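In: Give the three-dimensional model of this entry:
(2 chains)
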Amino acid sequence: MSIKFTCDDKATLVAYLYGEIDAATRQAVDDHLAQCAACASEVTALGETRSGLGLWAPPDVELDFQIVKKSELPPSNVLRPARWWKDVPAWAQAAAAVLVVAAGLSIANLQVTSGPNGLSVRTGWMSQQPVAAALSEPFDGAAVEQRVERALVSLEQQLRTEIRSVNAETTGTAPRGTADEATVRRVQQLLAEAEQRNQRQLAARFVELTRDLNLQRRADLMNVKRVVNSFAGAYDERLMRQSQMINNVIRVSSTPQ
Amino acid sequence: MVATDEELVVKSMAGDVESFNQLVLRWERPIYALAYRVIGRDEDARDVVQQTFLRAFRALPGFKGQAKFSSWLYRIALNLCRDWIRRKKRTPLVEMPEGIDVVELASEQGPAESIEDLVARQEMSRIVAEGMKKLPEEQRTAIVLKEYHGLTFQEIADLQGCPLSTVKTRLYQGLTVLRRHLESQGMTKFESGKGP
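Out: Residues are numbered from 1 along each chain as shown, chains lettered A, B, ... in the order given. You can find the predicted model right below:
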């Protein structure tokens, strides 16, 4: 039994168009197309339409979807990306680093007070040196050290004056007793200890600062290198394209119309 | 040796998230291409892809393997596309990707194609996208599944939940409307190599 194809059998025409058809039916369509110009023209036009569809492509996008178990996410990921600091500009990171260093240095500042409860020597925030002021000045380790030293000398002098005046009030012109000398020695010892402590803290902070700066410098250098490389690559690529473009233009313009 | 979809599905069902992520990596681009061509919007197509895999992951215990994993994914994605079209109550907008650089295209196509050809190709792509936008959702989906994903008539019928003959009719009608649109825009000859 032979298969006969008719012009209005569009389902079979589509099957023929896409090649999803058995051999016998294909032969029947071929036979018909050899005799029917309208159907042959339609098949050609639909084939060309299919070719046109090949021109339409979706954009080339980055997807990278992943299923991640909630339990595997660190708590910080719930609220912000894990590498949130990567979005912070370098200048802001530098400012934050300066703030941390300034805060550390201000902690290292010495505070010596004398009052009715006696003499107290401690490190901490100095009321005369607010953070804003510290931030406004450029960081200078030597200057800080000198400032601490000056403060210590000034305090020592002030203490000596106060002790002398107290002695004068209580004992008149009598020579200083051994108890006074012990107090002075004690104060001097406290001051020396405080100074040593400050110097150790300063040294530790300098080491940290140097290490942080080195790390930051290396990271910046790597970033700069990466950016320079990418620019160089992009530039080469652009150059190549322009060269291709010029070649194309030359070829097109030299082709006789 | 590359694991098959079925093997990865079995491992995923046993709780291996990494295996499921391999399936995601394997199928995210085809699903995106499908959603983009049906919906026509990049961002919404991305949402559809994300939702498709989330739904698939959650529904994985219920996947019995009667159909191919890819067909199952296509079905989820098409349902989401249909929901999107219904929710928006509008025909899909077909956006051309922004920032198309003719020079970049030139470098991709190689020195044999002239700038004029490239500009013409870009314009033809836009016209094709416009023509697809005009089609009813069922016809457009049938054409997308057939032309770009190579599904058989029967697979499309299963996905669209209609008889096989209806799929052929949708394809014929869709191609005919598209053909008229292209002809009205002066496009008759193409060189993309596709054909019967």
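In: and A:Asp236, how many neighbours?
Out: Using other CB atoms under 10 Å in any protein chain shown, A:Asp236 has 10 other residues around it. Every residue, glycine included, has its C-beta placed from N, CA and C.
In: what do you get for A:Arg147?
Out: For A:Arg147, using other CB under 10 Å, the count is 14.
In: gap between B:Tyr74 and B:Met132?
Out: According to CB to CB, to the nearest Å, B:Tyr74 and B:Met132 sit 18 Å apart.
In: er, B:Arg179 I mean
Out: B:Arg179 is 12 Å from B:Met132, by CB to CB.
In: if I read this right, B:Leu145 contacts B:Ile156, doesn't it?
Out: Yes: using CB atoms under 8 Å, B:Leu145 makes contact with B:Ile156 at a distance of 4.9 Å.
In: quick one: the helices in chain A?
Out: Using DSSP state H, the helices found in chain A span residues A:10-18, A:23-35, A:37-53, A:75-79, A:90-108, A:131-136, A:141-171, A:178-254.
In: nearest to B:Leu80, of those?
Out: helix A:37-53 (23.0 Å; CB to CB).
In: Point out the other helices and strands that that closest one packs with.
Out: helix A:10-18, helix A:23-35, helix B:115-134, helix B:137-147, helix B:164-184 (3 or more CB pairs under 8 Å, 6 or more residues apart in numbering or on different chains; DSSP states H and E).
In: Tell me what angle that helix forms with helix B:115-134.
Out: 110 degrees (axes from the mean of the first three to the mean of the last three CA atoms, to 10 degrees).
In: in the stretch 151-257 of chain A, what residue is nearest chain B?
Out: Across the stretch 151-257 of chain A, no residue is closer to chain B than A:Arg241, which sits at 4.6 Å (CB to the nearest CB).
In: Show me what from the stretch 101-250 of chain A comes close to chain B.
Out: A:Glu237, A:Arg238, A:Met240, A:Arg241, A:Gln242, A:Gln244, A:Met245, A:Asn247, A:Asn248, A:Val249 (CB under 8 Å from any CB of the partner chain).
In: List only those of those flagged as buried.
Out: By neighbour count, with 16 or more other CB atoms under 10 Å in any protein chain shown, those hold A:Arg241, A:Gln244, A:Met245, A:Asn248 as buried.
In: is it true that B:Phe69 touches B:Glu6?
Out: Yes: between B:Phe69 and B:Glu6 there is a contact at 7.0 Å, judged by CB under 8 Å.
In: what about those two, which has more around it?
Out: B:Phe69 (20 against 11).
In: How much space separates the residue of the stretch 151-257 of chain A closest to chain B from A:Ala94?
Out: 37 Å.
In: what do you get for B:Gln122?
Out: Separation of B:Gln122 from A:Ala94 (CB to CB): 45 Å.
In: what's the pLDDT at residue 91?
Out: Since no chain was named, I'll use chain A. For A:Trp91, the pLDDT comes out at 68.
In: please go with chain B instead
Out: 51.
In: which helices and strands does the lengthiest helix in chain B pack with?
Out: Longest helix of chain B, by residue count under DSSP H: helix B:17-39. Contacts defined by 3+ CB pairs under 8 Å, 6+ apart place helix B:17-39 against helix B:5-13, helix B:42-59, helix B:69-88, helix B:137-147.
In: Please write out the alpha-carbon positions of that helix in PDB.
Out: What follows is helix B:17-39, C-alpha atoms only, in PDB (Å, rounded to 0.1, in the frame of the first residue of the first chain):
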ATOM      1  CA  VAL B  17      24.200  17.800  47.700                       C
ATOM      2  CA  GLU B  18      27.400  17.900  45.600                       C
ATOM      3  CA  SER B  19      26.000  15.500  43.100                       C
ATOM      4  CA  PHE B  20      22.900  17.700  42.800                       C
ATOM      5  CA  ASN B  21      25.200  20.700  42.200                       C
ATOM      6  CA  GLN B  22      26.800  18.800  39.400                       C
ATOM      7  CA  LEU B  23      23.400  18.400  37.800                       C
ATOM      8  CA  VAL B  24      22.800  22.100  38.300                       C
ATOM      9  CA  LEU B  25      26.100  22.900  36.600                       C
ATOM     10  CA  ARG B  26      25.200  20.600  33.700                       C
ATOM     11  CA  TRP B  27      21.600  21.900  33.200                       C
ATOM     12  CA  GLU B  28      21.600  25.600  34.300                       C
ATOM     13  CA  ARG B  29      22.500  26.900  30.900                       C
ATOM     14  CA  PRO B  30      20.000  25.000  28.900                       C
ATOM     15  CA  ILE B  31      17.300  25.900  31.400                       C
ATOM     16  CA  TYR B  32      18.300  29.500  31.300                       C
ATOM     17  CA  ALA B  33      18.300  29.500  27.500                       C
ATOM     18  CA  LEU B  34      14.800  27.900  27.500                       C
ATOM     19  CA  ALA B  35      13.500  30.500  30.100                       C
ATOM     20  CA  TYR B  36      15.100  33.400  28.300                       C
ATOM     21  CA  ARG B  37      13.600  32.500  24.900                       C
ATOM     22  CA  VAL B  38      10.100  31.800  26.400                       C
ATOM     23  CA  ILE B  39      10.100  34.800  28.800                       C
END
